[in-house]
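Novice: Pasted the sequence and its predicted model underneath.
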Amino acid sequence: MDFIYDTLSNDVNFRTLHVIGDHSREALMLAMDTSLTSKRLTRELDKLIAWRGSPMEIRMDNGHELISQELADRVQLSNIKLKFIEKGKPYQNGLMERFNRSLREEVLNAYCFTRIPEAQVMAHASMWM
């Protein structure tokens, strides 16, 4: 699980939350909005769990948006282990870094978006190409 930050053509900042399956290498979820709070993160995680089942663990970096108590409480209810990569070692989550680069190069930097739904449509289309 990871985030990417970007800006629309009208200087509105937005964030992209995405989850990649470690074994399947499949993009499982992608959410975009101007704000992705810990409550929103847990709601998106709940949707993903309802769709695909509960994972044994979630690997992510130590970003402030991913170390919330709300997320920790939510995953504890489902017996999911949070596995944080070491600071300064993005290769420990290499699949995610590769996805981030592809999303950035093929979608976010390739088009000039004026609205978040436009970016979301293109990002979702690229996920399943």
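Specialist: Thanks, I have it.
Novice: ok, now how distant is residue 115 from residue 32?
Specialist: In this structure, residue 115 lies at 10 Å from residue 32, with C-beta to C-beta, to the nearest Å as the measure. In this view, the C-beta of every residue, glycine as well, is placed from N, C-alpha and C.
Novice: hmm, which helix or strand of the chain has the shakiest average pLDDT?
Specialist: Within the chain, confidence by mean pLDDT, DSSP states H and E is lowest for helix 69-77 among all helices and strands, at a mean of 82.
Novice: Need the residues that contact that one.
Specialist: Counting contacts by C-beta atoms under 8 Å, 6 or more residues apart in numbering, the residues outside helix 69-77 that touch it are 38, 39, 41, 42, 45, 46, 58, 81, 82.
Novice: pLDDT, distance to residue 124 and neighbour count for those residues - can I get that in a markdown table?
Specialist: Converted to a markdown table, these look like this (pLDDT from 0 to 100; distance: C-beta to C-beta, whole Å; neighbours: other C-beta atoms under 10 Å):
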| residue | pLDDT | distance to residue 124 | neighbour count |
| --- | --- | --- | --- |
| 38 | 85 | 23 | 18 |
| 39 | 88 | 23 | 12 |
| 41 | 88 | 18 | 20 |
| 42 | 88 | 21 | 16 |
| 45 | 90 | 18 | 22 |
| 46 | 91 | 19 | 12 |
| 58 | 87 | 21 | 17 |
| 81 | 88 | 28 | 11 |
| 82 | 84 | 26 | 15 |
